[in-house]
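Engineer: here you go, sequence then predicted model.
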Amino acid sequence: MKAADWKDWEIFCRVVEGQGFTKGAALAGVQKSSASTAVSRVEASVRARLFERNTRHVRVTQQGRLLYEKLAPLFEALVDVTRDAEAASEEVRGTLKIATPYEIGVQQLSPCLSQLMQTYPDLQVQVDVTWEQPDLVRQGYDLAFVMTNTALRDSGITCKRVVLWERAFFASPELIARLGCPTRPGDLNDWPTIGSDDETLWEFFHDIDAPEDVQITPRMRTCSAELRMRAALHGLGIARLTQQFAADEVARGRLTRVFPAFRSTPLKVYALMPARKNMPAAVRAFLATLESTLDLAGPNGTLRAPRP
């Protein structure tokens, strides 16, 4: 059998992290069969079984765990060295790898990415859609956008910026015709609502009146703004959405903004970047383009999307 090389050792680490060959192969960017062969070569090199395998589960052995704990920091250091070397170049080229929830990637980043790639023809962009906060270093991401209802892991993160998107309340014209148009936050007590997975109240702010919190018990809960909007389109209740996300449906007359005199707390999204000495030119260009398309405002590096 061919002796194990450095790629085999890296694949072994990714299989440990992925808790199996399917996810581990995806993390390493290889086929599952290639990952299995690579791990077999590593096992042959160390003359030990590193995983217990059966038809349903893959479990790392104690010796495999000890080996991983020695190897993983070495590959993390290698990634850091490579990225710092790439960052020393002022050319905007190569591949920019971004992780983002669906609603942000589709609705909010599209103008930024289109402008960025038109400006820098030698740049490639990979956008992975995920609600989970990825391991930036091990999975090779340059940036990750994370919603505030996701617990942030600070390990390996050197820079956080907050993107703020204004939110409002929307319902279908059919539901409004059936129940009447609500005018005050207290009217929500007689209305069905559609919320995210952890929402128990909505905040209402008015230029004159004091802020008001209204308890809600949503008929439907989901972290997907797309599903919440579709439920509102079907007349299932009032949904709180970013104004940009609902803008097209409002323009078509399929959604109506309710409580137009009130605003709610903005949606906060963290833009996370891995710890490194130098920021790559592609990341600097992306952030500059993001600021120009979102209209930079506010202190402490806070970005606020323009009102539609």
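Structural biologist: Done, it's in. Numbers count the residues shown, from 1 in each chain.

Engineer: go ahead and flag the most central residue of this structure.
Structural biologist: Closest residue to the average C-alpha location of the chain: Thr100 at 2.9 Å, with CA atoms, centre = their mean.

Engineer: isn't that one right up against Glu132?
Structural biologist: No. Contact criterion CB atoms under 8 Å: Thr100 and Glu132 do not qualify, at 11.1 Å. Heads up, the C-betas are built off the backbone N, CA and C, glycines and all.

Engineer: please enumerate the shared neighbours of those two.
Structural biologist: Here Thr100 and Glu132 have no joint contacts, going by CB atoms under 8 Å, 6 or more residues apart in numbering.

Engineer: hey, what's the residue nearest to the centre of the chain bridged with?
Structural biologist: Val129 (DSSP bridges).

Engineer: so who does it touch?
Structural biologist: So, once contact is read as CB under 8 Å, 6+ apart, Thr100 ends up touching Leu109, Val127, Asp128, Val129, Thr130, Ala144, Phe145.

Engineer: now with 10 Å, please.
Structural biologist: Listed by CB atoms under 10 Å, 6 or more residues apart in numbering, the contact set of Thr100 reads 106, 108-109, 127-131, 141, 143-147, 269, 271.

Engineer: now swap in Gln215 and tell me
Structural biologist: Leu188, Asn189, Thr200, Leu201, Trp202.

Engineer: next, count neighbours for the fourth one.
Structural biologist: Using other CB atoms under 10 Å, Leu201 is surrounded by 11 other residues.

Engineer: any idea how far it lies from Asp213?
Structural biologist: 5 Å (CB to CB, to the nearest Å).

Engineer: Phe143 touches Val269, doesn't it?
Structural biologist: No Phe there; residue 143 is Leu. No. Look at Leu143 against Val269 with CB atoms under 10 Å: they stay out of range, at 11.4 Å.

Engineer: now for Ala247, how many residues are close by?
Structural biologist: The burial count for Ala247: 14, using other CB under 10 Å.

Engineer: how about Glu291?
Structural biologist: Neighbour tally, Glu291, other CB under 10 Å: 15.

Engineer: how about Leu287?
Structural biologist: 20.

Engineer: in the host helix or strand of it, what counts as buried?
Structural biologist: Taking DSSP states H and E as the definition, Leu287 sits inside helix 281-294. In terms of neighbour count (16 or more other CB atoms under 10 Å), helix 281-294 has its buried residues at Ala281, Ala282, Val283, Ala285, Phe286, Leu287, Thr289, Leu290, Thr293, Leu294.

Engineer: over to stretch 115-131?
Structural biologist: Buried residues in stretch 115-131 (16+ other CB under 10 Å): Leu116, Tyr120, Leu123, Val125, Thr130.

Engineer: just the residues you listed: which are in strands?
Structural biologist: Secondary structure from DSSP state E places Leu123, Val125 of these in strands.

Engineer: out of the buried residues of stretch 115-131, what pair is the most spread apart?
Structural biologist: Pairwise distances across the buried residues of stretch 115-131 peak at 24.7 Å for Tyr120 and Thr130 (criterion: CB to CB).

Engineer: tally of neighbours for the closest residue to Pro134 other than its chain neighbours?
Structural biologist: Computed as CB to CB, 6 or more residues apart in numbering, the closest residue to Pro134 that is not its neighbour in sequence is Ala99, at 4.8 Å. Applying other CB under 10 Å, we find 23 residues neighbouring Ala99.

Engineer: correct me, but Ala99 touches Glu132?
Structural biologist: Yes. Applying CB under 10 Å as the test, Ala99 and Glu132 come out as touching, 8.3 Å apart.
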